[in-house]
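K.L.:
Quick one, what's the 3D model for this:
(chains A and B)
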Number of protein chains: 2
Amino acid sequence: MADKILSISRRTRETPFTRRVEAAGVKGYTVYNHMLLPTFFESNEVDYWSLCNDVQVWDVSCERQIEVKGPDSERLIQLMTPRDISKAVVGQGLYAPLCDENGGIVNDPVLVKFAPGDWWISIADSDVRLWARGLAHGLGLDVRIREADIWPLAVQGPKAEELVTRVFGDEVPGIRFFRSKMLEFRGKEMMVMRSGYSKQGGFEIYLNDPELAEPLWDELFEQGQDLNVRAGGPNLIERIESGLLSYGNDMTLAHNPFECGLDNFIDLDADIESISLPALRKIKGQHVHQLVGIVFDEMMQIDSYDIRHDGRVVGDIRSLVWSPRYLRHLAMAMIKREFLSQQQSVSIDGKTGKIVDLPFDFDAIM
Amino acid sequence: MADKILSISRRTRETPFTRRVEAAGVKGYTVYNHMLLPTFFESNEVDYWSLCNDVQVWDVSCERQIEVKGPDSERLIQLMTPRDISKAVVGQGLYAPLCDENGGIVNDPVLVKFAPGDWWISIADSDVRLWARGLAHGLGLDVRIREADIWPLAVQGPKAEELVTRVFGDEVPGIRFFRSKMLEFRGKEMMVMRSGYSKQGGFEIYLNDPELAEPLWDELFEQGQDLNVRAGGPNLIERIESGLLSYGNDMTLAHNPFECGLDNFIDLDADIESISLPALRKIKGQHVHQLVGIVFDEMMQIDSYDIRHDGRVVGDIRSLVWSPRYLRHLAMAMIKREFLSQQQSVSIDGKTGKIVDLPFDFDAIM
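P.N.:
The predicted structure follows:
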């Protein structure tokens, strides 16, 4: 496909950072939670090396925060996820699939217990707010659910800690992975968490005042000049090399967490009330597909996402990228387990790809 | 803003028509219900005249069909909308806002009673499926809810009836507005409704077999050659001139139907069980904003969507387009009723726009 223009309207919402993103020369967007998500500035590859070598600032406002407040908030959150949230501490992030009564994945957010009775769901690309409201209304729960006025800004890359420390102070290095602190910028406290959608290290700043968006962006670029700070966004190459899943790409409502290798985020034996657990207990071990990696030695051009064997469709490619570091074409694919038990490779367009576990183990591959 | 590239992935889903859309030279897309929606081929303006003078074929697969089946399906649909659906007949389309317990608009779909106990919700851009599943689970309703394998294709324009008749036969002209017939293409029956997101007349074909997508597309172009058939999409100019609302642009979950002039689609006094009715009865007459039209004599370049008066924000522009037919800049704007009771115009960037009712009455304007 040749490049296409994105038609932008109020429906594809701008963010408090959009003017700065535009000024930084963004070239591509996607639409995520009905909001603009910058995808690349120079090119996927140039952006990739900047992310891996230096530090980038990402407008990830589209990681909308669904705020669930009230006496029944923890009960509702637990109903939505099969992961046991009872031991969460304030300020902690928990990666947790949300699953419906069939065990299908509704979203794979980071949950944050912001305060007792006040949870944030930092969502991937689906309208979790509507599902939560439907459940709460139907069950008569005492909660208030809204999309909060919070716009996350990610700072990612090996020099991210240095940069965020310069802007938010000496408490930053003490923040552990998926933990947060309330830190001040221009007199306003906001949550700063060690997290982000890359494996290059970094932080997410949960901006809670749109008036501070441009000052914060500018301060990061001023303080980061000698660190080669650049504008960026979730990078297709880096996220696939790192095996980070993308909801809507690698998994959908039609898939369950076992198929995606998310077994570790499900507490099948916990004594908790969660609407997906009865279905998930039945599905366990019986799931049809498995998300795997595929490594092609050659560069690929694919016509169809389908993966065929002896004329039958045995799976489909969900994500695909050329790795400039490993000089391999890397895919994530959802493949029938029956096929996986018999075959170690697939053939697409006459080229053979080796099936591997996720995340990719490049020491073994190379 | 300069044009930006849309980064396309599995998450921004292709449709069974995408290959034909690409071959027809699509230049722009938006993302709608996590799916590609073609927005223009030549330019908004060239496409506009083609739509108004001849006939166009639109890939509106992104109008996803949420199928609600089962003994409680009608009850669930009625809970979701404040419009009385009890008198709907099979095959009829009903434009009906869906509203939550606060009266906020969740979506503004066309409801279709496909058969008793089998409803289709032809949705605008929000995950109605999740809301419906949440409600159904919470209330313990006996329904099955899924996104159906149906991909609507619209044929719009003054020559649409002629073209659809050539392809689907002589029963087509007898189909009344928002009514449908099951008609055959290549031996397969599918729903054909007189409907579509323009005021130029036309039909929507609810394709239910992806294998027939390209044959149907090709047949329409072959039979429509002498009618100047072209590929198109919902046209920004035409839809604003025609006063057609766009969910996510002109209205959101933060707005209620009264603010959007949808009073006629709410049955406040009906003896029906609908979760938004208690709130809507209270809001009636008390709503804060009103969606209105604004007509500017000059071409506009706006920096901000905010509409200010005496330094205060009194509303915001939701949609804006230059009309090549009327040589006016047309806006839809959500404005405080308090302001509307005092003023007949707004001033933006030094230019004065006249406030008018929607839909635009060009006889009165010109």
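K.L.:
Tell me the pLDDT of the closest residue to chain B within the stretch 1-150 of chain A.
P.N.:
Nearest residue of the stretch 1-150 of chain A to chain B, counting by CB to the nearest CB: A:G138, 1.7 Å away. From N, CA and C alone the C-beta is placed, and that goes for glycine too. We have a pLDDT of 98 for A:G138.
K.L.:
same deal with A:I365?
P.N.:
87.
K.L.:
who's the residue nearest to it when sequence neighbours are not counted bridged to?
P.N.:
Once flanking residues are discounted, A:I365 sits nearest to A:V295: 5.6 Å by CB to CB, 6 or more residues apart in numbering or on different chains. Beta-bridge partners of A:V295, counted by DSSP bridges, are A:L330, A:K354.
K.L.:
quick one, what contacts A:G224?
P.N.:
Neighbouring residues of A:G224 by CB atoms under 8 Å, 6 or more residues apart in numbering or on different chains: A:V55, A:V57, A:K159, A:L163, A:R166.
K.L.:
Over to the last one: give its phi and psi.
P.N.:
Its backbone dihedrals place A:R166 at phi -60, psi -30, with angles given as degrees, to the nearest 10.
K.L.:
Please name the residues that touch it.
P.N.:
By CB under 8 Å, 6+ apart, the residues touching A:R166 are A:Q223, A:G224.
K.L.:
what do you get for the second one?
P.N.:
The contact partners of A:V57, taken as CB under 8 Å, 6+ apart, are A:L153, A:A154, A:V155, A:W217, A:L220, A:F221, A:G224, A:V229, A:R230, A:A231, A:G232.
K.L.:
What about those, which are in helices?
P.N.:
Per DSSP state H, helices hold the following members of those: A:W217, A:L220, A:F221.
K.L.:
Quickly note the distance from the residue lying closest to A:S198 once chain neighbours are set aside to A:L216.
P.N.:
Closest residue in space to A:S198, ignoring its immediate chain neighbours: A:Q156 at 4.7 Å, by CB to CB, 6+ apart. Shown here: A:Q156 relative to A:L216, a distance of 15 Å by CB to CB, to the nearest Å.
K.L.:
So the two - more neighbours on which side?
P.N.:
Using other CB atoms under 10 Å in any protein chain shown, the more surrounded residue of A:Q156 and A:L216 is A:Q156, with 29 against 25.
K.L.:
Burial check on the closest residue to A:L139 other than its chain neighbours, number of neighbours?
P.N.:
Spatial nearest neighbour of A:L139, excluding adjacent residues (CB to CB, 6+ apart): B:G138 at 4.2 Å. Per other CB under 10 Å, the neighbour tally for B:G138 reads 19.
K.L.:
Identify the residues contacting the residue in the stretch 251-366 of chain A positioned nearest to chain B.
P.N.:
Residue nearest to chain B within the stretch 251-366 of chain A: A:R318 (5.5 Å; CB to the nearest CB). By CB under 8 Å, 6+ apart, the contact set of A:R318 is A:N249, A:D250, A:M251, A:L291, A:Y305, A:A331, A:M332, A:A333, A:M334, B:R10.
K.L.:
What separates the first and last residues of stretch A:160-176, distance-wise?
P.N.:
Using CA to CA, to the nearest Å, one end of stretch A:160-176 lies 14 Å from the other.
K.L.:
And it, what's buried?
P.N.:
Residues A:A160, A:E161, A:E162, A:L163, A:V164, A:T165, A:V167, A:F168, A:V172, A:I175 are the ones in stretch A:160-176 that count as buried (16 or more other CB atoms under 10 Å in any protein chain shown).
K.L.:
how near is the closest residue to the third one other than its chain neighbours to A:S274?
P.N.:
This means A:E162. Among residues not flanking A:E162 along the chain, A:L227 sits closest, at 6.3 Å (CB to CB, 6+ apart). A:L227 is 43 Å from A:S274, where distance means CB to CB.
K.L.:
So if I had to pick from the two, which one is more boxed in?
P.N.:
In terms of neighbours (other CB under 10 Å), A:S274 is the more surrounded of A:L227 and A:S274; the figures are 21 against 17.
K.L.:
now, which of the ones in helices among the contacts of A:V57 sits nearest chain B?
P.N.:
A:W217 (17.2 Å).
K.L.:
surely that closest one meets A:W151?
P.N.:
No: here A:W217 does not reach A:W151: they are 10.9 Å apart, not a contact under CB atoms under 8 Å.
K.L.:
tell me, what's touching the two both at once?
P.N.:
With CB under 8 Å, 6+ apart, A:W217 and A:W151 have common neighbours A:F17.
K.L.:
Show me which of these two is the more surrounded one.
P.N.:
Set side by side, A:W217 and A:W151 show more neighbours around A:W151, with 25 against 22, by other CB under 10 Å.
K.L.:
what's the closest non-adjacent residue to that one?
P.N.:
Closest residue to A:W151 apart from its sequence neighbours, by CB to CB, 6+ apart: A:S61 at 3.8 Å.
K.L.:
before we move on, back to that, let me know the closest of the ones in helices among the contacts of A:V57 to A:W49.
P.N.:
A:F221 (18.7 Å; CB to CB).
K.L.:
Next, count neighbours for that closest one.
P.N.:
16.
K.L.:
Next, the contact list for it, please.
P.N.:
A:V57, A:V229.
K.L.:
and what of A:Q223?
P.N.:
Here A:Q223 is in contact with A:L163, A:R166, A:V167 (CB under 8 Å, 6+ apart).
K.L.:
now with 6 Å?
P.N.:
A:R166, A:V167 (CB atoms under 6 Å, 6 or more residues apart in numbering or on different chains).
K.L.:
separation between it and chain B?
P.N.:
The gap separating A:Q223 from chain B is 28 Å, by CB to the nearest CB, to the nearest Å.
K.L.:
thought A:V155 was touching A:E162?
P.N.:
No: at 10.0 Å, A:V155 does not count as touching A:E162 under the criterion of CB atoms under 6 Å.
K.L.:
so what sits against both of these two?
P.N.:
Common contacts of A:V155 and A:E162 (CB under 6 Å, 6+ apart): none found.
K.L.:
if we can go back for a sec, now the ones in helices among the contacts of A:V57 in JSON lines, with pLDDT?
P.N.:
As requested, the ones in helices among the contacts of A:V57 are exported to JSON lines (pLDDT from 0 to 100):
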{"residue": "A:W217", "pLDDT": "98"}
{"residue": "A:L220", "pLDDT": "98"}
{"residue": "A:F221", "pLDDT": "98"}
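K.L.:
Of these, just say which sits nearest to A:S43.
P.N.:
Lowest distance from A:S43 to the ones in helices among the contacts of A:V57 (CB to CB) belongs to A:F221, with 20.4 Å.
K.L.:
measure A:Q56 to A:P152 for me?
P.N.:
Using CB to CB, A:Q56 is found at 14 Å from A:P152.
K.L.:
and what of A:G261?
P.N.:
Distance, A:G261 to A:P152, using CB to CB: 25 Å.
K.L.:
So if I had to pick from the two, which one is more boxed in?
P.N.:
Neighbours of A:G261 and A:P152, each counted by other CB under 10 Å, are more numerous for A:P152; the result is 24 against 18.
K.L.:
Looks like A:P16 contacts A:E211 (just checking).
P.N.:
No: if you go by CB under 6 Å, A:P16 and A:E211 don't touch, sitting 8.1 Å apart.
K.L.:
Mind checking which of the contacts of A:G224 land in strands?
P.N.:
A:V57 (DSSP state E).
K.L.:
Out of the contacts of A:G224, the closest to A:H255 would be?
P.N.:
The closest of those to A:H255 turns out to be A:V57 (CB to CB; 32.4 Å).
K.L.:
Next one, pLDDT for the residue sitting furthest away from the middle of chain A please.
P.N.:
The outermost residue of chain A relative to its centre, with distances by CA atoms, centre = their mean, is A:D310 at 35.1 Å. pLDDT, A:D310: 92.
K.L.:
Can you report phi and psi for it?
P.N.:
Main-chain torsions, A:D310, degrees, to the nearest 10: phi 50, psi 40.
K.L.:
Against A:M334, how distant is it?
P.N.:
Distance, A:D310 to A:M334, by CB to CB: 19 Å.
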